[in-house]
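Colleague: Got a predicted model here, sequence first, then my questions.
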Amino acid sequence: MKTIYYSFAFLFALMLLSACKDPYMPELKNIKGEILVVEGYIDGARGTNVTMTRVKSLGQPDTSFRKYVADATVVIEDDKGNKFPLSNVGSGNYSGNYNLNKDNKYRLEIVTSDQKKYASDFVNYKISPPINAITYKIENAGARFYVNTQDDNNQSKFYRWKFEETWQYHSFYSTDLKYDPVKQRVIPNPESNFYCWQSDLSKDILIQTTSNLNQDVIKDMPINFIPNGSYKLSDLYSINVMQYVLDSIGFNYYQQLKKNTEETGSIFDPQPGNLRGNIKNSNDPSEIVVGYIGAGSSYQVRQFFKIPWVFREDCLETIFVPNISDSLEFYFGINDFWPLDYEAAGNRYKSSPRECADCTVRGSNIKPPFWP
């Protein structure tokens, strides 16, 4: 999802709603203050993670302000009265992993450190069907990735996806040397800086519905695009896709959220519609709370791709650095060059810019545990 840490106003939403007949519109007391944002999904398959932050509304100083909600008590509750507490894992995140009964309804209860109480609406437990395939097509501008799924029982209808992508890449040059700034000399490198890995999370809101179709089938839903020539596809690429089933109310919430982010760049810019979701202050329904909490079992698939790709760093130019402490410090310590080879005849090092010889400039040289 695109970042949600910017302030916003609901003035336009109020104007729209005021045109309806006899609407219930409580006074929105905290529109000029901090607004609670709750993101998460009660997931009986992969575990639940909920993130809570507070942002400032439009017109307040420092609209980029965000504050993690720490020291809250967060509990999953089912409609039979069973409670499942989530652990505070820091940075506004609350997590827990429970086996949940698919026949029950679930909601989230929150008590903040100032004793304010919030709760989401009870929702049905939705089980995602399997992901049939993740595919890609090469276009002139790059590679586009797709997800395919279907529910033979025609029960899912409303889908949402998130993904984590990881890619292996390598440096243009391979070297077993490095500069030691403490000793001010070049030494053998005890680790390889040739192969590295980097990861990123999906940022777009990826949703689709089959409610207007005769069959509950999603075919070639585009979820990611990598521009032509990106180093993401220089070696091996992996995408880990999570699929969720929503109810119609949750789908409408994310549809409005998607519309807002595509039209204005952030859900906290002036809104073309009401985006309050299904979370409320239990004692003060006039307080604005943003977020929607669904429940169910997600489905996850990781797939690897080796795609023929043309990627070449602009790293052909090299320099020679004299094996003198001042020169070594100047080039390797200050100007971020990297030693490639030692030439004994000239007592010098063939060198390149660091980004051409050290892959850790971009990512990590620690191989992920799931990598083949």
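Modeller: Arrived safely, thanks for sending.

Colleague: Would you map the helices across the stretch 151-300 of the chain?
Modeller: For the stretch 151-300 of the chain, the helices defined by DSSP state H, counting those that start in this stretch occupy 248-264.

Colleague: in it, which spans are strands?
Modeller: In the stretch 151-300 of the chain, the strands defined using DSSP state E, counting those that start in this stretch lie at 158-170, 177-180, 185-188, 195-201, 206-209, 217-227, 236-245, 279-281, 289-290, 293-297, 299-305.

Colleague: Return the member of those having the minimum mean pLDDT.
Modeller: The minimum mean pLDDT among those belongs to strand 289-290 (a mean of 92).

Colleague: Adding mean neighbour count, write the strands of the stretch 151-300 of the chain out as CSV.
Modeller: For every residue, glycine as well, the C-beta is placed using N, CA and C. Converted to CSV, the strands of the stretch 151-300 of the chain look like this (neighbours: other Cβ atoms under 10 Å):
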stretch, mean neighbour count
strand 158-170, 21
strand 177-180, 18
strand 185-188, 13
strand 195-201, 16
strand 206-209, 19
strand 217-227, 17
strand 236-245, 22
strand 279-281, 19
strand 289-290, 22
strand 293-297, 24
strand 299-305, 16
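
Colleague: What I need now is the ones you listed written out in JSON lines, including distance to Phe145 for each item.
Modeller: Formatted as JSON lines, the strands of the stretch 151-300 of the chain follow (distance: least, Cβ to Cβ, whole Å):
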{"stretch": "strand 158-170", "distance to Phe145": "9"}
{"stretch": "strand 177-180", "distance to Phe145": "36"}
{"stretch": "strand 185-188", "distance to Phe145": "41"}
{"stretch": "strand 195-201", "distance to Phe145": "13"}
{"stretch": "strand 206-209", "distance to Phe145": "11"}
{"stretch": "strand 217-227", "distance to Phe145": "4"}
{"stretch": "strand 236-245", "distance to Phe145": "6"}
{"stretch": "strand 279-281", "distance to Phe145": "32"}
{"stretch": "strand 289-290", "distance to Phe145": "29"}
{"stretch": "strand 293-297", "distance to Phe145": "23"}
{"stretch": "strand 299-305", "distance to Phe145": "8"}
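
Colleague: Out of these, which is closest to Ile131?
Modeller: Comparing those against Ile131 with Cβ to Cβ, the closest turns out to be strand 299-305 (4.5 Å).

Colleague: That closest one - which strands sit beside it in the sheet, and in what orientation?
Modeller: Strand 299-305 has the following sheet partners, assigned by DSSP bridges: strand 236-245 (antiparallel).

Colleague: Quick one: low-confidence residue ranges for the chain.
Modeller: The chain contains residues with pLDDT under 70 at 1-32, 57-65, 264-274.

Colleague: The residue nearest the centre of it pairs with what?
Modeller: Residue closest to the mean C-alpha point of the chain, counted by Cα atoms, centre = their mean, is Leu201 at 3.5 Å. Counting by DSSP bridges, Leu201 forms beta bridges with Glu164.

Colleague: Make sure it is actually in contact with Asn224.
Modeller: No: between Leu201 and Asn224 there is no contact under Cβ atoms under 8 Å: 11.1 Å.

Colleague: got any residues that touch both of those two?
Modeller: Common contacts of Leu201 and Asn224 (Cβ atoms under 8 Å, 6 or more residues apart in numbering): 163, 165.

Colleague: of all the strands of the stretch 151-300 of the chain, which lies closest to Pro130?
Modeller: So among the strands of the stretch 151-300 of the chain, strand 299-305 is nearest, using Cβ to Cβ, at 5.7 Å.

Colleague: Alpha carbons only: can I get the helix or strand just after the closest one in CSV?
Modeller: Following strand 299-305 in sequence order, the next helix or strand is strand 319-322 (DSSP states H and E). Written as CSV, here are the backbone C-alpha positions of strand 319-322 (Å, rounded to 0.1, in the frame of the first residue of the first chain):
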residue,chain,number,x,y,z
ILE,A,319,41.6,4.0,-12.2
PHE,A,320,44.9,3.0,-10.6
VAL,A,321,45.6,4.0,-7.0
PRO,A,322,49.2,4.1,-5.8
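
Colleague: Now do the buried residues in strand 319-322.
Modeller: Buried residues in strand 319-322, counted by 16 or more other Cβ atoms under 10 Å: Val321.

Colleague: And it, what does it pack against?
Modeller: If contacts are counted by 3 or more Cβ pairs under 8 Å, 6 or more residues apart in numbering; DSSP states H and E, strand 319-322 sits against strand 337-343, strand 348-353.

Colleague: and if we set it to 6 Å?
Modeller: Where contact means 3 or more Cβ pairs under 6 Å, 6 or more residues apart in numbering; DSSP states H and E, strand 319-322 is packed against strand 348-353.

Colleague: The strand it packs on pairs with which strands?
Modeller: Applying DSSP bridges, strand 348-353 is found paired with strand 319-322 (antiparallel), strand 337-343 (antiparallel).

Colleague: Now that we have those strands, can you turn them into TSV and tack on distance to Asn252?
Modeller: Shown next, in TSV, are the strands paired with strand 348-353 (distance: least, Cβ to Cβ, whole Å):
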stretch	distance to Asn252
strand 319-322	60
strand 337-343	53
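
Colleague: Looking at those, which is nearest to Ser192?
Modeller: Ser192 lies closest, by Cβ to Cβ, to one member of these: strand 337-343, at 13.4 Å.

Colleague: Report the separation between the closest residue to Thr135 other than its chain neighbours and Ser202.
Modeller: Distances taken as Cβ to Cβ, 6 or more residues apart in numbering put Tyr146 closest to Thr135, at 5.0 Å, once the chain neighbours are dropped. Here Tyr146 is placed at a distance of 14 Å from Ser202 (Cβ to Cβ, to the nearest Å).

Colleague: Which one of the strands of the stretch 151-300 of the chain lies nearest to Asp114?
Modeller: Asp114 lies closest to strand 279-281 among those, at 11.7 Å (Cβ to Cβ).
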